[in-house]
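[1] Provided below for reference: sequence and predicted model.
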Amino acid sequence: AAEQVTSDSVQVGNLTYREACLIGGGGGGGGGGDQRAKLGMKTKGPTLLITDLAVWTPDDTSKEFIVRSLHPGVTRDQVQETCGWTVRFDENVVETPPPSTLELTTLRDLNSRTAKAHAAADADAAAAAAS
């Protein structure tokens, strides 16, 4: 039988994954500052967040995500309305540049492969349910 993996059996630094989630939001920024290192984590954590409204990167010191660019036509107020906290914006927020041809091609390919994978999984689930 395969070993069951639970949130208490996965280690994040010196803590279980569950403990890391309770302390630092899933081990992401780990609570900011040097908290990841204190938890025994050797990686940087999240370094980029791209949403349908903006591009965010962590502050060098606090590790709090800050809006660095807004997508065309998006306002600061629109971003703030989607968050349950006070959003920090970079002093020099810019407009997000349009994607390159390669980026668009890559995203379209990924979207196509994902759709095919989901369709195959749905077909497998339907076949299993029918048997």
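    Cool, the structure landed.
[2] Phi first, then psi, for Leu70.
    phi -110, psi 140 (degrees, to the nearest 10).
[3] does Arg90 belong to a helix or a strand, and which?
    For the record, residue 90 is Asp, not Arg. strand 89-95 (DSSP states H and E).
[4] who's in contact with that strand?
    For strand 89-95, contacts defined as CB atoms under 8 Å, 6 or more residues apart in numbering pick out Ile66, Val67, Arg68, Ser69, Leu70, His71, Pro72, Arg76. The C-beta positions use only the backbone N, C-alpha and C, and glycine is treated the same way.
[5] again, but for stretch 104-119
    Pro99.
[6] how close does Ser69 get to His118?
    Distance, Ser69 to His118, by CB to CB, to the nearest Å: 30 Å.
[7] middle-most residue in the chain, spatially?
    Against the mean C-alpha coordinate of the chain, by CA atoms, centre = their mean, the closest residue is Leu49 at 5.9 Å.
[8] Number of residues surrounding the residue nearest to it when sequence neighbours are not counted?
    Using CB to CB, 6 or more residues apart in numbering and skipping the chain neighbours, the partner closest in space to Leu49 is Trp56 (4.0 Å). Neighbourhood size, Trp56 [other CB atoms under 10 Å]: 21.
[9] I'd say Trp56 and Ile66 touch.
    Yes: with contact defined as CB atoms under 8 Å, Trp56 counts as touching Ile66 (6.3 Å).
[10] does the residue nearest to Leu49 count as helix, strand or coil?
    strand (DSSP: H, G, I helix; E, B strand; the rest coil).
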